[in-house]
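Return atomic coordinates for the entry below.
(chains A and B)
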Amino acid sequence: MKHLLSTRDLDRETAVGILDIAEDMALTADREVRKLPTLRGRTVVNLFFEDSTRTRLSFESAAKRLSADVITFSAKGSSVSKGESLKDTAQTLQAMGADAIVVRHHGSGAAHQLAHAGWIDAHVLNAGDGTHEHPTQALLDAFTMRQRRYGADSRGRDLSGMRVVIVGDIVHSRVARSNVWLLTTLGAEVHLVAPRTLLPAGVETWPVTVHEHLEPALALRPDVVMMLRIQQERMHAAFFPSGREYAREWGLTAERFAALGPDTMVMHPGPMNRGLEISSAAADSSASTVLAQVTNGVFIRMAVLYLLVAGSQEASA
Amino acid sequence: MSARTVLHDADIARALRRIAHEILESRRGDGRLVLLGIPTRGTVLAERIQAVIDDIEPGVSSAGSLDITLYRDDLARTPTRAPQPTRIPAGGIDDAIVVLVDDVLYSGRTVRAALDALADHGRPRAVRLAVLVDRGHRELPIRADFVGKNLPSATSERVSVRLADVDGVEEVTIEP
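Prediction:
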């Protein structure tokens, strides 16, 4: 594997392989020394054109745990604000000797462009491109589901038989897209719930069941309920009448949460809008995996960096 | 030319039994023994040696595995390989006598990586090395404390250890 751009490119075997390596990475967290020498002498650049706290910190911490040198670049306060193009920025980083570039960009397809335009030969990891994909988020979600379900017996397993309900702003959500491809590849059954205005065109061709209302989906006794963030920064039109109405119709309120099965996981990619898509009762409960998702994010990113960057270029190309 | 079997299953069992005795003899005092096998076959051997030790002197030893994939010095030259699980027995390795166990000792680079990995898990009182076969050709100043069989070989020859638990047959072969 040379790049990680989309979960659509992953087959079951590769995806389970990444989750298994993440299990090994997780084991290193309880040791006396958490650092591994694996990527010593390699340089990982975080190229962030869009604001992010947890993804950037997560990648940074993953690369540092593997002993890579990390350079973090955020578009604010850089030459990008002087009008430098993605191409020129990327080539500058290449000239500085980047082995891998972790890119987040507001344009869908930016990571693909960076990987395939022939500008650079570093490995490219997509950390979110527009409304297209966010593969490491989906991988860490799958890892979290598998670990909650199977615990120490997780290795080698996929998510067959698990029913996952993803609720909210599907149209703007790269997390939802990456999850739909990955979770179905891993054998899970995926349901989407959203007001019609927040469903993307062409959703009927996805391998999912679509519901307009939350109750019928929750009545299916899902194993996982994943609430998506209402992305106010991407909403330039009126997608629903008001926040209060959204919370009432599609939010995981305390009442809806109380009616869920005892083993149902509540997931959220963060940052949460409490009181809008998720109630504090749900977010702070033991069913919530929100903090586990953050912890697991580092292990997944370590696994992906290891897979992409550690081996020889010729062999992994 | 075909492979020549240098150790049969009875020879392997005898060698492991002797190594177990030697490890116990060298223990001196009340040191806790932790046998850590290097996956895949080292782990199997560590468990077998530990079972023998436990028969002779119950309760002084435990077995686990130590994966060294992430510590290899040839990572950048080979295709990426998936790491194997590391299992450190309860109680950890601090102040224990750790015996690293591997099937074949050759260049010594695996053992070098294992020593690095070990240091990240704690500080043992002492570290020893047990191998089923020592085939020579060291590239680093490393030697084994307990050896099942010294097997002089040419670098062009291929030494294979097969164990019933992993490979279905139990033998050590050398082929040109």
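
Spell out which residues of chain B are next to chain A.
Residues of chain B that fall close to chain A, judged by C-beta under 8 Å from any C-beta of the partner chain: B:67, B:70-71, B:75-86, B:116, B:119-122. From N, CA and C alone the C-beta is placed, and that goes for glycine too.

Just the buried ones from those?
Among the residues of chain B next to chain A, those scoring as buried are B:67, B:70-71, B:75-76, B:80, B:83-84, B:86, B:116, B:120-122 (criterion: 16 or more other C-beta atoms under 10 Å in any protein chain shown).

Next, give phi and psi for residue 105.
All of this refers to chain A. phi -150, psi 150 (degrees, to the nearest 10).

that answer is for a different chain, and I need it for chain B
Listed backbone geometry of B:Leu105 is phi -100, psi 120, with angles given as degrees, to the nearest 10.

and what of A:Thr43?
The phi/psi pair for A:Thr43 (degrees, to the nearest 10) reads phi -120, psi 130.

Count the residues that sit near A:Lys291.
One correction, residue A:291 is Leu, not Lys. For A:Leu291, the count of nearby residues is 9 (other C-beta atoms under 10 Å in any protein chain shown).

buried set for the helix or strand hosting it?
Element membership of A:Leu291, judged by DSSP states H and E, is helix A:290-305. If you call a residue buried by 16+ other C-beta under 10 Å, then helix A:290-305 has these buried ones: A:290, A:292-294, A:296-305.

Repeat that for stretch A:137-152.
For stretch A:137-152, burial by neighbour count (16+ other C-beta under 10 Å) applies to A:137-149.

could you pull out the helices for chain B?
With DSSP state H as the criterion, chain B has helices at B:9-25, B:41-56, B:109-119, B:164-167.

And for the first one, what's in contact with it?
Spelled out, it's helix B:9-25. Judged by C-beta atoms under 8 Å, 6 or more residues apart in numbering or on different chains, the contacts made with helix B:9-25 from elsewhere in the structure are B:7, B:33, B:35, B:45, B:48-49, B:52-53, B:56-57, B:99, B:128, B:130, B:132, B:146-149, B:163-164, B:170-172.

Run through the residues that contact A:Thr209.
By C-beta under 8 Å, 6+ apart, the contact list for A:Thr209 reads A:Glu189, A:Val190, A:His191, A:Leu192.

So it versus chain B, what's the distance?
The spacing between A:Thr209 and chain B, counted by C-beta to the nearest C-beta, to the nearest Å, is 34 Å.

Equivalent analysis for A:His211, please.
Distance, A:His211 to chain B, using C-beta to the nearest C-beta: 38 Å.

these two touch, right, that residue and A:Val193?
Yes: contact criterion C-beta atoms under 8 Å: A:His211 and A:Val193 qualify, at 4.7 Å.

Name the residue in those two with the higher neighbour count.
The residue with more neighbours, out of A:His211 and A:Val193, is A:Val193; 26 against 18, by other C-beta under 10 Å.

Using JSON lines, lay out the buried ones among the residues of chain B next to chain A together with pLDDT.
Formatted as JSON lines, these follow (pLDDT from 0 to 100):
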{"residue": "B:Asp67", "pLDDT": "95"}
{"residue": "B:Leu70", "pLDDT": "94"}
{"residue": "B:Tyr71", "pLDDT": "95"}
{"residue": "B:Leu75", "pLDDT": "88"}
{"residue": "B:Ala76", "pLDDT": "85"}
{"residue": "B:Thr80", "pLDDT": "85"}
{"residue": "B:Pro83", "pLDDT": "91"}
{"residue": "B:Gln84", "pLDDT": "90"}
{"residue": "B:Thr86", "pLDDT": "92"}
{"residue": "B:Asp116", "pLDDT": "95"}
{"residue": "B:Asp120", "pLDDT": "93"}
{"residue": "B:His121", "pLDDT": "94"}
{"residue": "B:Gly122", "pLDDT": "93"}
